[in-house]
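Asks: got a predicted model here, sequence first, then my questions.
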Amino acid sequence: MSPGAPLAAGAAGPMTPEPLRVRSLRRETADTWTVSLDVSRRPGGFPFQPGQFNMLYVFGVGEVAISISGDPGRPAELLHTVRTVGAATHALRGIGRGGTLGVRGPYGRPWPMEEARGQDVVVVAGGLGLAPLRPAILHLLRHRAEYGRVSVLVGARTPEDLPFRRELARWQEDSRLRVLVTVDKASPGWTEHVGVVPALLSDVEVDPARTVALMCGPEVMMRFTVRELERRGVPDARIHLSLERNMKCAVGFCGHCQLVPYFVCKDGPVFPYEKLRPFINLREV
Amino acid sequence: MPEVTSSAPEEGRAQLSLEQFAALLAALRGEGWRLVGPTVRDGALVHEDISGAEELPRGWTEVQEAGTYRLARREDGALFGYSVGPKSWKHLLFVPRLRLMSAHREAEGFRVESEPTEPPRLALIGARSCDLHAIAVQDRTFLEGPYKDPDYAARRERLFVVAVNCGQAGGTCFCVSMRTGPRATFGFDIALTEVLEGGHRFLAEAGSERGAALLSRLEARPASEEDIQAADAVVERTAQSMGRTMDTTDIKGLLYRNLEHPRWDDVAQRCLACTNCTLVCPTCFCSTVEDTSDLRGDVAERWRRWDSCFTLDHSYLHGGNVRHTIRGRYRQWLTHKVASWWDQFGTSGCIGCGRCITWCPVGIDITEEVAAIRATDGARSGA
């Protein structure tokens, strides 16, 4: 370009969020909330694919990467389910109905819903790991005839830590899904499983030739679940994990989310296990 | 990466006297370019704004070794008689602190204003081949991914590059091993070779049309066969006197299969996690984002600031840090630099400038660490 030519000033860069109003807040557990954002002024709403995430900005406080937890078939509604763990998430919780959040996204590689078509799908969630899987489950229900058997295995520390509890109960009544729920520590009145999530797999019929697994949760839970699925003969290429790492930019600039060769923000957060196998069992990668 | 090629006589090569070289810088200033070049500051050669050739470090050189940097006097009046100082050009393109946006509270919510990107027009004076390779490496991060960094892109577009082919290798240089020098092969408007024997002069080569146009305005004498041979000899001598070497044979495979090598425990005993290597490295690109607000809570700002994978915070996740030991952080840095960079960007992240060796306060040497792992390839930590 010729020297001195003016450059477009003020063009919104990839680090600039869009302000959106909070339409409602719904409590999921003692420390977890589902925030609905008003996207009615956006033509087409907020389209996304299951497993993608947004960066949510709280005015003057900070920004965090949060999975989109809504229905991909209903882009007029934008949902995020947030656990209050740090400064930004606490501030986010404090905004309340009518307040404004900054949003940029959607980012990341989604769950392989196309690849899973015609296959049995095993969904494995630990705690709030259910949030990025909920859009996948809603997609499976919406396109139910295109998939084989669908199993949903969910674990949490206690029954009170289960997000989307009423919806889980509804899904358990839904003949189109097989839903198994377990907790580490039961409370009075609990009639479901007690124990670790991978143990639920023994109650699920797995046909290794036609099973795709989608999982999100603590890495230790995912490692043991992968081990169990491998033992049942499911190939690594069809076991998909959603990972969490520190993210400052979500667009491949900041370097924080690196996992040896990968940027979790742009190469993930969803990875087939075959790509992670050389690295995920090492400490501190 | 392009091979180091020998220069052949061709059009666009000219012989510049010292006066004509000074006139070249003056002409660039006259065209509105801000000159940034090497100058002596606080006991080091750093890139700063200069007004002309008289501010260049005439007669100065550097002595570099692991953990050591000293300025020294040369016997001659060379203007570029050293290798690379602590500051690469990264400061000017991927700037250390940058405001990304401001947000203004309004009756309903807030309004976001992104930052205008109207950077200065800079003429880089004395860019070395390794550093031109480093710019090309950073281009892949900021311009060639799914997203473009608009600030980097704007700064990158507004450069005039006067490269200098190195006439002296530093004690920690290993560009020959990394195939990134010492001759500049791309990324410049004009490349110079400073020739001291037989009269102080420069061989100039145009790398762009505007570079050629500028050279022709200086009415310089076309370079003769002898001029070109003299300049080639300077660069050849530099290539023969590298302070370090690094064997890059299957270096990605080497590092990937040695992620549990005991050498990581060894280097962790020496590394202070001070971040110096990442700050002087011309390709390290990690940054963090800081969101702040004024005391009244009416105006908020977002700033980007250089970060380093050697800080504990870099890998923070609620409940802990992924890389909580120095072993894990040094392994991340070195493995990224010479191995996983290939997977991410199709190039080495190390360009052989040696800055991380020189500026490490305890003298950790990247070439020595790679060699130590190679010497005991496959060894596993007892832990």
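Replies: Received it, and whenever you're ready, just let me know what you need.

Asks: distance check, the residue of the stretch 151-285 of chain A found nearest chain B against B:Arg73.
Replies: Ranked by CB to the nearest CB, the top residue of the stretch 151-285 of chain A for proximity to chain B is A:Glu284, at 3.1 Å. C-beta here means a position set from N, CA and C on the backbone, and glycine is covered the same way. If you measure A:Glu284 against B:Arg73 using CB to CB, to the nearest Å, the figure is 47 Å.

Asks: excluding chain neighbours, give the residue nearest to the residue of the stretch 151-285 of chain A closest to chain B in space.
Replies: With sequence-adjacent residues excluded and distances taken as CB to CB, 6 or more residues apart in numbering or on different chains, A:Glu284 is closest to B:Gly328, at 3.1 Å.

Asks: doesn't A:Val260 make contact with that neighbour?
Replies: No: counting by CB atoms under 8 Å, B:Gly328 stays clear of A:Val260, with 11.7 Å between them.

Asks: does chain A sit close to stretch B:100-107?
Replies: Yes: Stretch B:100-107 comes into contact with chain A (CB under 8 Å from any CB of the partner chain), by way of B:Leu100, B:Met101, B:Ala103, B:Arg105.

Asks: most neighbours, which of those residues?
Replies: B:Ala103 (25 neighbours; other CB atoms under 10 Å in any protein chain shown).

Asks: what residues does the helix or strand harbouring it touch?
Replies: B:Ala103 is part of strand B:97-105 when elements are defined by DSSP states H and E. Applying CB atoms under 8 Å, 6 or more residues apart in numbering or on different chains, the contact partners of strand B:97-105 are A:13, A:15-16, A:59-60, A:102, B:110-115, B:151, B:289, B:297-306.

Asks: mind exporting it as CSV, just the C-alpha atoms?
Replies: Extracted in CSV, the C-alpha atoms of strand B:97-105 (Å, rounded to 0.1, in the frame of the first residue of the first chain):
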residue,chain,number,x,y,z
ARG,B,97,0.9,-2.5,25.8
LEU,B,98,-2.0,-1.7,23.6
ARG,B,99,-5.5,-0.4,24.4
LEU,B,100,-7.9,-2.6,22.5
MET,B,101,-11.1,-0.7,23.3
SER,B,102,-12.9,1.6,25.7
ALA,B,103,-16.5,1.1,27.0
HIS,B,104,-18.7,3.9,28.2
ARG,B,105,-21.6,3.4,30.6
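
Asks: any buried residues in stretch B:209-227, and which?
Replies: By neighbour count, and taking 16 or more other CB atoms under 10 Å in any protein chain shown as the criterion, the buried residues in stretch B:209-227 are B:Gly211, B:Ala212, B:Leu214, B:Leu215, B:Leu218, B:Ala220, B:Ala223, B:Asp227.

Asks: check those residues and tell me the two furthest apart.
Replies: The largest separation in the buried residues of stretch B:209-227, counting by CB to CB, is between B:Leu214 and B:Asp227 at 18.8 Å.

Asks: mind listing the helices for the stretch 101-250 of chain B?
Replies: All helices of the stretch 101-250 of chain B, identified by DSSP state H, counting those that start in this stretch, fall at B:129-142, B:150-157, B:175-178, B:209-217, B:225-239.

Asks: so which of those gets nearest chain A?
Replies: Nearest of the helices of the stretch 101-250 of chain B to chain A, taken as CB to the nearest CB: helix B:150-157 at 4.5 Å.

Asks: and the closest residue to B:Gly37 other than its chain neighbours, how far from chain A?
Replies: Of all residues not flanking B:Gly37 in the chain, B:Ile125 sits nearest, at 3.3 Å (CB to CB, 6+ apart). From B:Ile125 across to chain A, the span is 16 Å (CB to the nearest CB, to the nearest Å).

Asks: got a list of what B:Ile125 touches?
Replies: By CB under 8 Å, 6+ apart, B:Ile125 lies in contact with B:Leu25, B:Leu35, B:Val36, B:Gly37, B:Pro38, B:Ile50, B:Leu56, B:Val162.
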